[in-house]
Every structure is written in structure tokens, then in C-alpha cells.
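Q: With the sequence up front, the predicted model follows.
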Amino acid sequence: MSQGTVGNLESGQRVEPSAKTLRGLARALGVNVDWLADETGPKYLPGHPRNKRSASRAAYDVNMISPSDATQLKAMGDSMVHPTGARSIPEGGEVIIDPDVEPKHSEIVLVRQRKGDDPVLRVYWLDGLKPWLRAWNEPTYPRIEMTKETEVLGVAIEVIPVRHSLRP
């Protein structure tokens, strides 16, 4: 694929790429061609490092958009929208969760407050040695004290902003 073709797609001069162009872009990016064309199906191809394993299938603030073995989530709602816009995860933004990473102060985590609860995205916050969960959108979503029942399902290792489709 030529540099001119890529430039035309990026600038919006070409909004209807051919099937051959879409396949080439998808292969180069390591993503599913259906996802690239119209955001259907899993984003990443089998074997891609981001397709690791599932943090959870349930969702409240979070809605799984990939196959059951993936850790890619789509944010729902406004709990993770920061008032200043910094570090925000707007509705529709995607988050890659790694269940093997231990949370550190101010990192975004996927948590379940109690067994059977739906998982939510929150910020892991240390006040002294005491861990709390907070939403970026405070005070709409108040801080929650972590208890022995709180389960951290994973840490966000990447936040992908809302993506606009190539098709109008």
C-alpha cells in the first residue's frame, strides 16, 4: 500500500477504501478487518498480545467488546470522565486490562466491590496506607472504601480514546 493511500485515508480525502486496502491496513495494524471497517467483531486478531484472557463477562460501567478470552473493554457512562478532561475515559473509550498487574496509587483498575456485583472502572487511590476506589467524576460518584470483599480484576495498561469510523 502506498504512502499516498495512507495519507488520503488519514486526511479524509478518501473515505471509502477498497476491500484490498482495508485488508492491508488490518494486516499491518494486527486488527480484524471487520472491526477496522465498521467496528464490528473483536478488535484484535487471535494470537495478538492484547487478546490475553477475560477479566469478567459481566458489565455495568464496562461492556466487553471482544471475545471471552480478551481484556479489551469499552467504557460506558460518565464515571471516568475527569472534570478537566485529563486522563478521562469517555463513554465509548476502550481500555486494555491486564489481570496480572498489581495496582499502584492513581492507576485505573477494573474492580468488583462484592462477589456477584458487576465490575466497574475506578481509580485505585491510597490515602496513607488505606486503599480507596474513586471515579474521576467526583462528587457524582463518591469514593468507595476497599474491603476484604473488594476484588481487583486488573489494571488498565492502555486507554484508547473514542475512535471514529472510516465510514460516514
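A: Sure thing, it's come through.
Q: In the chain, spot the helix with the most residues.
A: Scanning the chain for the helix with the most residues, using DSSP state H, yields helix 19-29.
Q: Give the buried residues for the next helix or strand after it.
A: Downstream of helix 19-29, the first helix or strand assigned by DSSP states H and E is helix 33-38. Judged by neighbour count (16 or more other C-beta atoms under 10 Å), helix 33-38 contains these buried residues: 33, 35-37. C-beta: built from backbone N, CA, C; applies to glycine.
Q: How about stretch 143-158?
A: Going by 16+ other C-beta under 10 Å, stretch 143-158 has these buried residues: 144, 146, 150, 152-156.
Q: What is the neighbour count of residue 82?
A: Counted with other C-beta atoms under 10 Å, residues neighbouring residue 82 total 15.
Q: Find the centremost residue of this protein, please.
A: In the chain, the centroid-proximal residue (C-alpha atoms, centre = their mean) is residue 95; its distance is 1.6 Å.
Q: isn't that residue right up against residue 162?
A: No: Residue 95 is not in contact with residue 162 according to C-beta atoms under 8 Å; the separation is 11.8 Å.
Q: From the buried residues of stretch 143-158, pick the one nearest residue 76.
A: Residue 76 lies nearest to residue 156 out of the buried residues of stretch 143-158, by C-beta to C-beta, at 15.0 Å.
Q: Model confidence at the closest one, what's the number?
A: Here the pLDDT value assigned to residue 156 is 86.
Q: isn't there a strand covering it?
A: Yes: checked against DSSP: H, G, I helix; E, B strand; the rest coil, residue 156 lies within a strand.
Q: Skipping adjacent residues, who's closest to it in space?
A: The shortest distance from residue 156 to any non-neighbouring residue, by C-beta to C-beta, 6 or more residues apart in numbering, is to residue 108 (3.8 Å).
Q: One more: residue 5?
A: Using C-beta to C-beta, 6+ apart, the nearest residue to residue 5 is residue 21, at 6.2 Å.
Q: Equivalent analysis for residue 131, please.
A: residue 146 is the one closest to residue 131 (C-beta to C-beta, 6+ apart), at 4.5 Å.
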